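Participant: Sequence and predicted model, in that order:
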Amino acid sequence: MKPMGQVPADFRGEDGELLVAGRKVTDIVAEAGETPLFAYDLGIVRRRFDALRAAMPPALLLHYAMKANPHPAMVAAMTSIVDGIDVASVGEMRIALAAGAAPEHMSFAGPGKRDGEIEAAIAAGVTLNCESEGEAERAFAIGGRIGVRPRLAVRVNPDYELKGSGMRMGGRPTAFGVDAARVPALVARIAAEGAEWRGFHIYSGSQALDPEALIETQTATVALAARLGEEAGLTPPHVNLGGGFGIPYFPNEVPLDIARIGAALAETLERRPAILATTDFAIELGRWLVGECGVYLARVIDRKQSHGETFLITDGGLHHQLAASGNFGTVVRRNYPLAVATRFDAPVEESATVVGCLCTPLDVLGNQIGLPKADTGDIIAVFMAGAYGASASPSGFLGHGPAREILLGN
């Protein structure tokens, strides 16, 4: 048997069934109508946010990076919890606005923004995190044409990277942001054009589990923001320090010590250079807030043996939960936490490989893992499914269609 990650501590069973937001999975599936299904527990998200708020400096703004989970019901709930929403497309922006997010507390990042997207953001009053000088020039022209003063921040490609991050987004040649050496000139250009300069967005990586690496990066980011402000001769109104907080998907990974990170950040902000005295600071988190709240539920539709190995074939697969299959940036495939949700308290009885319904050998949700004996009709639960699940998976592959999503709890 191969190891798999730990089921998040928020989940428990009752009468042999997994509970999500205090409800049995069979009842949740009956309400939704069918499997496959993503079920999200909002109570877990609220507890995560409360823990984060308690750990971080009181003045620090906490934003939700909705690319992690843009399900409209989730975004609507998050608008009443967080201080701001960070989007990565005009589609996400429209979801957030429809959910009641205030445009003045929204930012729009991402390379390759089309003119229509830039115009929509400017018209709505959303801050554009400019990824290049060319994008800024287009924003000036569009703002002038529609008669709206654009709100522009500069996304900075820093001179360092977040060590140990699962996906590095700075400190190297990249499509993301403006190289730090060129930022002061762009800030001066924004000011000269009469646009509203909103400060810096400095994001260097994601899915980091080393608190010391995050502390080092946040310290360097504050120093970089001060240096760039001094070189530009302007105080940045706002600095988004990025996020990068990881969650423990796999064996031997441990949760981040956010109290340690928060204490260090408080000291860094207390000692920040004078040019940042009136600057507002924020961090943006997606995965850390919602990743552990979600469960992907798929029903076993066949049980078979092949060359002495047991296969549980489900009605789900990588077209909904790509990351769990190991095909979303993972170099070596490892097993996400997984359970037989309808036999949740039962002991391990066999080694089984859980696969989806797709016509590809890549469609593996759990490889040779220890499970209670499951049969046709049982429900498999794949945990850590609250972030980069439904929206980050190829739901159109082979025409099976998307999974349903349901937000539970309050």
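Facilitator: Cool, got the structure. Being a predicted model, the structure only gives us computed values, none of them experimental.
Participant: Identify, by residue count, the longest helix of the protein.
Facilitator: helix 211-232 (DSSP state H).
Participant: I'd like the next helix or strand past that one.
Facilitator: strand 238-240 (DSSP states H and E).
Participant: for the longest helix of the chain, packing partners?
Facilitator: With contacts defined as 3 or more Cβ pairs under 8 Å, 6 or more residues apart in numbering; DSSP states H and E, the secondary structure elements packing on helix 211-232 are helix 183-192, strand 196-202, strand 238-240, helix 258-270. Using the backbone N, CA and C atoms, a C-beta is placed for each residue, glycine as well.
Participant: tilt between it and strand 196-202?
Facilitator: 150 degrees (axes from the mean of the first three to the mean of the last three Cα atoms, to 10 degrees).
Participant: Just give me the neighbour total for residue 359.
Facilitator: When neighbours are counted by other Cβ atoms under 10 Å, residue 359 registers 8.
Participant: Oops, could you answer that again for residue 181 instead?
Facilitator: As a burial measure, residue 181 scores 11 neighbours (other Cβ under 10 Å).
Participant: State the three-state secondary structure for it.
Facilitator: helix (DSSP: H, G, I helix; E, B strand; the rest coil).
Participant: Model confidence score at residue 267, please.
Facilitator: The pLDDT attached to residue 267 in the predicted structure is 98.
Participant: just to revisit the earlier point, export the helices and strands packed on helix 211-232 to JSON lines and tack on distance to residue 56?
Facilitator: Written out in JSON lines, the entries for the helices and strands packed on helix 211-232 read as follows (distance: least, Cβ to Cβ, whole Å):
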{"stretch": "helix 183-192", "distance to residue 56": "26"}
{"stretch": "strand 196-202", "distance to residue 56": "17"}
{"stretch": "strand 238-240", "distance to residue 56": "14"}
{"stretch": "helix 258-270", "distance to residue 56": "4"}
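Participant: domains of this protein?
Facilitator: 12-40+292-408, 70-285 (automatic domain parsing).
Participant: Over to the longest one now: how far is its first residue from its last?
Facilitator: For domain 70-285, the first and last residues are 13 Å from each other (Cα to Cα, to the nearest Å).
Participant: give me the low-pLDDT residue ranges for the stretch 151-300 of the chain?
Facilitator: Low-confidence segments of the stretch 151-300 of the chain, defined by pLDDT under 70, span residues 161-173.
Participant: thinking again about what came up before, of all the domains of the chain, which one comes closest to residue 52?
Facilitator: domain 70-285 (6.2 Å; Cβ to Cβ).
Participant: from the chain's centre, how far out does the closest one sit?
Facilitator: The gap between where domain 70-285 is centred and where its chain is centred comes out at 14 Å by Cα atoms, centre = their mean, to the nearest Å.
Participant: Number of residues surrounding the residue nearest to residue 292 when sequence neighbours are not counted?
Facilitator: Leaving aside its sequence neighbours, residue 292 sits nearest to residue 8 (Cβ to Cβ, 6 or more residues apart in numbering; 4.4 Å). Counted by other Cβ under 10 Å, the residues lying close to residue 8 total 20.
Participant: So residue 8 is in contact with residue 339, correct?
Facilitator: No - Residue 8 is beyond contact range of residue 339, at 11.1 Å (criterion: Cβ atoms under 8 Å).
Participant: Pull up the overlap in contacts between the two.
Facilitator: residue 383 (Cβ atoms under 8 Å, 6 or more residues apart in numbering).
Participant: biggest strand in this structure by residues?
Facilitator: In terms of residue count, the longest strand belonging to the chain (DSSP state E) is strand 294-306.
Participant: Which strands or helices does it pack on?
Facilitator: Strand 294-306 packs on helix 25-32, strand 37-41, strand 309-314, strand 379-382, going by 3+ Cβ pairs under 8 Å, 6+ apart.
Participant: Just want the angle from that strand to strand 37-41.
Facilitator: Going by the same axes, to 10 degrees, strand 294-306 makes 140 degrees with strand 37-41.
Participant: Strand 294-306 pairs with which strands, parallel or anti?
Facilitator: Next to strand 294-306 in the sheet, as set by DSSP bridges, lie strand 37-41 (antiparallel), strand 309-314 (antiparallel), strand 379-382 (antiparallel).
Participant: Dump those to TSV, plus mean neighbour count.
Facilitator: Below are these laid out as TSV (neighbours: other Cβ atoms under 10 Å):
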stretch	mean neighbour count
strand 37-41	26
strand 309-314	19
strand 379-382	26
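Participant: Select, out of these, the one closest to residue 390.
Facilitator: Judged by Cβ to Cβ, the one of the strands paired with strand 294-306 that comes nearest to residue 390 is strand 37-41, at 5.4 Å.
Participant: which residues touch the closest one?
Facilitator: Contacts of strand 37-41 (Cβ under 8 Å, 6+ apart): 10, 20-21, 25, 28-29, 32, 69, 71, 74, 290, 293-298, 320, 385-386, 389-390, 403-409.
Participant: Stretch 249-261 now?
Facilitator: The set of residues that contact stretch 249-261 without belonging to it, under Cβ under 8 Å, 6+ apart, is 3-6, 51-52, 55-56, 209, 211, 214-215, 218, 245-248, 288, 334-337, 384.
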